[in-house]
Each structure stands twice: as structure tokens, then as C-alpha cells.
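A.B. asks: Provided below are the primary sequence and the corresponding predicted coordinates.
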Amino acid sequence: MRPCTAVHLATLATVLLVTACGVRFLDPEPGTELFEDIDLTGARTVNSELTLTLTLTQAYPVAVRIGCYYEIADRELTDAEKRLGFHERASPIAETVLQPAEPGSRPDDEVAPTDLTFRFSVPTPGKYFVACLTPAAADNGIGMTFTIRRP
């Protein structure tokens, strides 16, 4: 067994910190029972319109509230912010309620994917993290990073 290096420990600390904040890293092939994919298009400059496209499959037999939020990715959080979930401290993009699936549906059923699009802009340059999630179960989400530059 090889000893841990500083790089290994730093990586582990980062993963633990981010997951403790209600956000998790996703595989290159993102997805959960609900969320399949996330994409961001538009000029990534200050105050330009961005379009967030969220692909999901709603197979839950109950209505599901989802929300999309963003925050600057590389800033130091205050102690108070660390105690909040991502969706409680980040800037909102949009929230919506998905209608229940057909009666008898189960989350692992095959369901045709649906795309939702949300438009927003970011007022300051920097590296950001965007995530869409179910606030009732914040670890059920999908996210990505992006950079906003000056025009």
C-alpha cells in the first residue's frame, strides 16, 4: 500500500468539503434517476444571456420541485454559508414543479426525456458552478462549472 501524498489528501479534502455542502461531483456521463444532462450555451461574458438546458426523466408518481442555482466557484465560504445547503446560499436561476408521472410509475422506469431551458445572466466575471437539484433531496442533482469573462 502506498502512503498518501499531499495531493491525495488535498483532493480528498476538496471532495469531502463539496459533498458536505450539498453538491457532489458527477461522472463525465452525468445523471441520476431524475437528471440526465446539463448544458450551458451563450456568450460567456458579463451580462450576456446564457441558456441552461436541463434534460430529465420524471418517473416519480408525485410532483417534484427542482431548482437551478449558481455561485462563484472559487471564493471562500463564511462559516455561516458552510452551514447552508447550496440551494440556500447560491443565486437562483429558476425553480419549477414537475407534474407527477402516470400512476404506478417508479423512478427506475424508462421515461422519455424532457428538456427544460432557463435563461439568465451573470453580472461579474469569474469561475462559477451551476447546479440543478431537488431541494427536498439536495444530493439528487447535476452540475457543471463555467467561466464568465469581461466583454
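C.D. replies: Cool, got the structure. Residues are numbered from 1 along each chain as shown.
A.B. asks: can you map out the strands along this protein?
C.D. replies: Along the chain, counting by DSSP state E, strands occupy 35-41, 50-56, 64-72, 91-98, 114-120, 126-134, 137-148.
A.B. asks: hmm, who's touching the first one?
C.D. replies: Same thing as strand 35-41. Strand 35-41 has contacts (C-beta atoms under 8 Å, 6 or more residues apart in numbering) with 30-31, 50-57, 113, 130, 132, 140-144, 146. The way it works is simple: take the backbone N, C-alpha and C, and place the C-beta from them, glycine included.
A.B. asks: To Lys82, which of the strands of the chain lies closest?
C.D. replies: With C-beta to C-beta as the criterion, Lys82 lies closest to strand 64-72 of the strands of the chain, at 12.8 Å.
A.B. asks: what's the angle from the closest one to strand 35-41?
C.D. replies: 40 degrees (axes from the mean of the first three to the mean of the last three C-alpha atoms, to 10 degrees).
A.B. asks: packing partners for strand 64-72?
C.D. replies: strand 50-56, helix 86-89, strand 91-98, strand 126-134 (3 or more C-beta pairs under 8 Å, 6 or more residues apart in numbering; DSSP states H and E).
A.B. asks: Show me what the longest one is in contact with.
C.D. replies: Just to be clear, that refers to strand 126-134. 22-23, 34-35, 38, 40, 52, 54, 64-74, 86-87, 90, 93, 122, 139-148.
A.B. asks: Show the average pLDDT along it.
C.D. replies: Rounded to a whole number, the mean pLDDT of strand 126-134 is 96.
A.B. asks: strand partners of it, parallel vs antiparallel please.
C.D. replies: Within its sheet, strand 126-134 is paired with strand 64-72 (antiparallel), strand 137-148 (antiparallel), according to DSSP bridges.
A.B. asks: got CSV for these, with mean pLDDT too?
C.D. replies: Output for those, formatted as CSV (pLDDT from 0 to 100):
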stretch, mean pLDDT
strand 64-72, 96
strand 137-148, 92
